[in-house]
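Participant: Got a sequence here, can you build the structure:
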Amino acid sequence: MLEALAAIAVTATAGSASLMLISVAANSSASTTNEATAAWLASSQAEKIQAAVFVLTPGEYTGINTPTGFTVANSTANITGGDAAIQLVTIAVVKEGNEILSVEFVKVDR
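Facilitator: Below you'll find the model as predicted:
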């Protein structure tokens with residue numbers, strides 16, 4: 001009888017550990033998918049901004065279409081001591097209120 005209880009305990013522990021691993025793997029997969037989507041969205045927004053007519057700082061460029069749950073925001077700022085024709089652009093990708101990715105780059109009025 002004692003051996004049977006020990007076997008049940010070992011099996012239950014192994015089962016719980018397996019379920020925890022599956023849960024961790026699922027969460028990791030979702031996180032990786034969100035990060036890959038955010039990188040793609042930020043890249044797409046940056047390409048659109050680089051091709052757009054220069055917007056005076058402070059300003060905002062036209063946004064891109066995003067998948068459900070994601071938003072992409074952009075803002076501009078002058079570079080300290082810099083030329084007014086050079087600006088720092090910040091792109092933030094947010095999913096359900098949580099910022100997934102933020103990138104900055106320089107745009108020049110040519």
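Participant: what ranges do the strands span in this protein?
Facilitator: For the chain, strands defined by DSSP state E occupy the ranges 70-78, 86-95, 98-108.
Participant: so what's V108 up against?
Facilitator: The neighbours of V108, taking CB atoms under 8 Å, 6 or more residues apart in numbering as the test, are F54, A85, I86. (Each C-beta comes from the backbone N, C-alpha and C, glycine too.)
Participant: Who's the closest spatial neighbour of the most centrally placed residue in the chain, skipping the chain neighbours?
Facilitator: Nearest to the geometric centre of the chain sits I100, at 2.8 Å (CA atoms, centre = their mean). Leaving aside its sequence neighbours, I100 sits nearest to A38 (CB to CB, 6 or more residues apart in numbering; 3.9 Å).
Participant: And the pLDDT at that neighbour?
Facilitator: You'll see A38 listed with a pLDDT of 97.
Participant: okay but it is in contact with K95, surely?
Facilitator: Yes - if you go by CB atoms under 8 Å, A38 and K95 touch, sitting 7.2 Å apart.
Participant: out of these two, which sits in the more crowded spot?
Facilitator: A38 (22 against 19; other CB atoms under 10 Å).
Participant: contacting residues around the more buried one?
Facilitator: Contacts of A38 by CB under 8 Å, 6+ apart are F70, V93, K95, I100, L101.
Participant: between those, which is closest to T80?
Facilitator: Using CB to CB, L101 comes nearest to T80 of the contacts of A38, at 24.6 Å.
Participant: Could you point out the bridge partners of the closest one in the sheet?
Facilitator: Note on L101: beta-bridge partners by DSSP bridges are V93.
Participant: Quick check: it vs I79, distance?
Facilitator: Distance of L101 to I79, computed by CB to CB, to the nearest Å: 22 Å.
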